[in-house]
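>>> Dropping the sequence and predicted coords here.
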Amino acid sequence: MDAMEKTARPAAVTATEADGEAATVTAGAGSGAPAMSVAGLSFFTVDIQAKRVIWLEPRSLDFEHRSGLNEASLSTALRHMAQNDQKQILGLIQQAVKTGTAGPIELGGDDLGAGLSLVAMRYQVEGGRTFVIAVSGAEVEDEANGTAVRGVAPLIRHLVEDSEKSVLVVDSFGYLRYANDAFNKLFEIGDTSLCIGRNIAHIPNRVGKTLASVVLTALARRAPMDGSKRFFLASGDSFTLTFDVIPFRVSAGLGGVVFSASKVKERGVDFQQIFNCVHAPMLVIDVRTRMLVSANTAARKTFAVTEQLMESAPITETMLHPKTFVSLIEHARKGGNTPLQATVSGFDGVTRSKRMRVTLIESGPTHYLLIESKH
């Protein structure tokens, strides 16, 4: 029992934030170390003397490429779990060491539906070493039976990683499993390690109270949600988003919701109309493909641009010499504010010498060159 108390104390006695989150990681428990998740947990084994735990991470929601057997110190493995879940697991282990068997205990559940049931047994080997083996009381489907189950996490990541839409995946117990770059930028998440793996109910001070409320409501209802709502950020700022929350299930004890959102146009402003109201000719070019993707009304009139001509060939084969295009990009990357003199060939066959002001615009993985032709 003394050995068990030495094992349990570092994980159980952690500093807590005002919202009740067990956020302090014990010394040596780096943010890159594996951590246990409640969703999909089928068993774990604790070496009492070595203070180590081994568990099986399912492939269904494996966004961190850590499926299979994982090993870590007990305090490190439990660091992302809610404090109440930590206490229950440590109590289960202590009881098993003391009496030989323990449980069942119920993790999660409540308004989110059925929780995870765990029972534990003590196992002693030669040399006096003690192990505690905990197993789930639920019958978990064999993941090897379906490639769809195995591929849920990679599929979601492939579809949304570079999406301009903000996407968040939360498992059935309320723990954040994945967020794409657009989500992190929109919700001002600077350090993702302070959010991914944490329970959303305990980190409204990091993701904002509105998001936490929407996700927890969707998990409790287990039904799709959509709408337009003002979301308040942790910083105190707010904006209106159109959002969808879609529940999913991949196998027994696994699943959750996918939250996706995008900003609502400010007061319904049509920025294409504003673009067309600018009197100076303006062109937007995809830097990678060199295709002209947009031109305002003034540019279409000045250079005889049509939609068909825009799609016909890269701008370096129609309006600009390749060397001119490269020099414009280099000038934009240096942040030059002074216009450059360049020769432009219009689709009407007329070649003009124009002063051009250039700006590089980032939109997700794509870069655009905005050219403003000065008179």
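In hand now; what should we look at?
>>> Going by C-alpha atoms from here, please, whenever you check contacts or count neighbours.
Will do.
>>> where does the chain have low pLDDT?
1-32, 39-40, 58-67, 108-115, 137-163, 250-254, 265-270, 364, 375 (pLDDT under 70).
>>> how about the helices of it, start to end?
2-12, 74-77, 83-99, 147-150, 152-160, 181-186, 204-207, 209-221, 271-277, 297-303, 307-310, 322-333 (DSSP state H).
>>> Restrict the third one to CA atoms and write it as CSV.
Looking back up the chat, that one is helix 83-99. Output of helix 83-99 as CSV, limited to C-alpha atoms (Å, rounded to 0.1, in the frame of the first residue of the first chain):
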residue,chain,number,x,y,z
GLN,A,83,-9.6,15.9,-12.0
ASN,A,84,-12.5,13.8,-11.0
ASP,A,85,-11.6,11.1,-13.6
GLN,A,86,-8.0,11.2,-12.2
LYS,A,87,-9.2,10.7,-8.6
GLN,A,88,-11.5,7.8,-9.6
ILE,A,89,-8.7,6.0,-11.5
LEU,A,90,-6.2,6.5,-8.7
GLY,A,91,-8.8,5.3,-6.2
LEU,A,92,-9.5,2.2,-8.3
ILE,A,93,-5.8,1.4,-8.4
GLN,A,94,-5.4,1.9,-4.6
GLN,A,95,-8.4,-0.3,-3.9
ALA,A,96,-7.1,-3.1,-6.1
VAL,A,97,-3.7,-3.0,-4.4
LYS,A,98,-5.3,-3.2,-1.0
THR,A,99,-8.0,-5.8,-1.6
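>>> So which other helices or strands are in contact with that helix?
Judged by 3 or more C-alpha pairs under 8 Å, 6 or more residues apart in numbering; DSSP states H and E, helix 83-99 is in contact with helix 2-12, strand 101-107, strand 116-124, strand 130-136.
>>> run the last query once more with 6 Å
On a contact count with 3 or more C-alpha pairs under 6 Å, 6 or more residues apart in numbering; DSSP states H and E, helix 83-99 meets strand 101-107, strand 116-124.
>>> centre of the chain versus that helix, how much separation?
31 Å (C-alpha atoms, centre = their mean, to the nearest Å).
>>> quick one: it to strand 116-124, angle?
In terms of direction (axes from the mean of the first three to the mean of the last three C-alpha atoms, to 10 degrees), helix 83-99 departs from strand 116-124 by 30 degrees.
>>> hang on, residue 249 packs against residue 223?
No. Under the criterion of C-alpha atoms under 6 Å, residue 249 makes no contact with residue 223, lying 11.6 Å away.
>>> okay, how far is it across stretch 331-350, tip to tip?
End-to-end distance for stretch 331-350: 25 Å, by C-alpha to C-alpha, to the nearest Å.
>>> I misspoke; the intended subject was stretch 305-315.
Start-to-end, stretch 305-315 (C-alpha to C-alpha) is 11 Å.
>>> So what touches that stretch?
290-292 (C-alpha atoms under 6 Å, 6 or more residues apart in numbering).
>>> List just the nearest of the residues you listed to residue 281.
residue 292 (13.4 Å; C-alpha to C-alpha).
>>> Okay, and the beta partners of that closest one?
Taking DSSP bridges as the rule, residue 292 bridges to residue 285.
>>> okay, now it: neighbour count?
Residue 292 has 25 neighbours, counted by other C-alpha atoms under 10 Å.
>>> For it, give its distance to residue 206.
Plainly put, residue 292 is 40 Å away from residue 206 if you go by C-alpha to C-alpha.
>>> what do you get for residue 68?
Taking C-alpha to C-alpha, one finds residue 68 at 30 Å from residue 206.
>>> more neighbours, the two?
residue 206 (20 against 11).
>>> Tell me which residues touch the nearest residue to the more buried one once chain neighbours are set aside, please.
Counting by C-alpha to C-alpha, 6 or more residues apart in numbering, residue 206 lies nearest to residue 234, which is 5.4 Å off, once chain neighbours are set aside. Residue 234 makes contacts with 205-208, as judged by C-alpha under 6 Å, 6+ apart.
>>> contacting residues for the nearest residue to residue 357 once chain neighbours are set aside?
Leaving aside its sequence neighbours, residue 357 sits nearest to residue 339 (C-alpha to C-alpha, 6+ apart; 4.4 Å). With contact taken as C-alpha under 6 Å, 6+ apart, residue 339 is in contact with 355-357.
>>> before we move on, what about residue 175?
197-200 are the contacts of residue 175 under C-alpha under 6 Å, 6+ apart.
>>> Please repeat the previous calculation with a cut-off of 8 Å.
By C-alpha atoms under 8 Å, 6 or more residues apart in numbering, residue 175 lies in contact with 37, 196-200.
>>> Equivalent analysis for residue 178, please.
Counting by C-alpha under 8 Å, 6+ apart, residue 178 makes contact with 63, 168-170, 196.
>>> Reformat the helices and strands packed on helix 83-99 into TSV and put distance to residue 182 and mean neighbour count next to each item.
Shown next, in TSV, are the helices and strands packed on helix 83-99 (distance: least, C-alpha to C-alpha, whole Å; neighbours: other C-alpha atoms under 10 Å):
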stretch	distance to residue 182	mean neighbour count
strand 101-107	32	19
strand 116-124	32	20
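>>> could you dump those to a markdown table with distance to residue 283?
Listed next are the helices and strands packed on helix 83-99 as a markdown table, based on distance: least, C-alpha to C-alpha, whole Å:
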| stretch | distance to residue 283 |
| --- | --- |
| strand 101-107 | 57 |
| strand 116-124 | 57 |
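>>> Tabulate the contacts of residue 339 in CSV, adding columns for distance to residue 276 and neighbour count.
Formatted as CSV, the contacts of residue 339 follow (distance: C-alpha to C-alpha, whole Å; neighbours: other C-alpha atoms under 10 Å):
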residue, distance to residue 276, neighbour count
355, 20, 18
356, 18, 21
357, 17, 20
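>>> which one of those sits closest to residue 106?
The closest of the contacts of residue 339, once distances to residue 106 are taken by C-alpha to C-alpha, is residue 357, at 64.0 Å.
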